[in-house]
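Novice: Sequence below, structure please.
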Amino acid sequence: MKKVTTIALVLLASIAVSNHVSAQETATATATATIVTPISISKDVDMNFGNVAVQSTTGGTVVLTPGGVRSRTGGVTLPSTATGTVTAASFTVTGTGNYSYSITLPSSALTITSGANTMTVTNFTSNPSGTGTLTAGTQTLTVGATLNVGAAQPAGTYTSGTPFNVTVNYN
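Specialist: Residues are numbered from 1 along each chain as shown. I've put the predicted structure just below:
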């Protein structure tokens, strides 16, 4: 009887230990996602370098800052009495407030034409530069560039056949 009792106690102890080893616990979690307001950009004002004159033997450039201020190099002259319309391109960026975003400007030359005549626009710059922040969900983004004018560039109103792209994306 002692032997049976001892075997029974050993079996009970084994069962108790084996149940304890394979005991399971479970926890739960929820999944959540928040969709933010999509970022968007809309053009407010086109870029315009204004009236430009050039020498017959020397070309040059017109640098238009994102603030709408022009400067010149080489044989280019900027008339002071008949400046024409001078504006940096202006865009409104909207999205979720206080989010930052990256700005991508054209990296290749933009050709502008007047009939068969051409010039290029290069070195695009912006304000803000590189990244911006949507304070209260909106920000104005301005873009300037450099106009490359050839010597004896023919007179005319030069316009891009296709617009240039400014891309914004949340960081």
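
Novice: hey, let's count contacts and neighbours off CA atoms from now on
Specialist: OK.

Novice: Start and end of stretch 161-171, how far apart?
Specialist: 32 Å (CA to CA, to the nearest Å).

Novice: What of stretch 93-112?
Specialist: Stretch 93-112 has an end-to-end distance of 26 Å (CA to CA).

Novice: Only the buried residues of it, if you could.
Specialist: 93-96, 99-101, 103-106, 109-112 (16 or more other CA atoms under 10 Å).

Novice: So for the residue sitting nearest the centre point of the chain, what pLDDT did the model give?
Specialist: The residue lying closest to the centre of the chain (CA atoms, centre = their mean) is Ile103, at 2.0 Å. Note on Ile103: pLDDT of 98.

Novice: Same question for Ser108.
Specialist: Per the predicted model, pLDDT is 97 at Ser108.

Novice: That one and Phe124 touch, don't they?
Specialist: No. If you go by CA atoms under 8 Å, Ser108 and Phe124 don't touch, sitting 9.1 Å apart.

Novice: now the helices for the protein?
Specialist: Taking DSSP state H to define them, one finds helices in the chain at 2-21.

Novice: And for stretch 39-56, what's in contact with it?
Specialist: By CA atoms under 8 Å, 6 or more residues apart in numbering, the residues outside stretch 39-56 that reach it are 60, 62, 64, 70, 75-79, 82-96, 143-144, 147, 149-153, 167-170.
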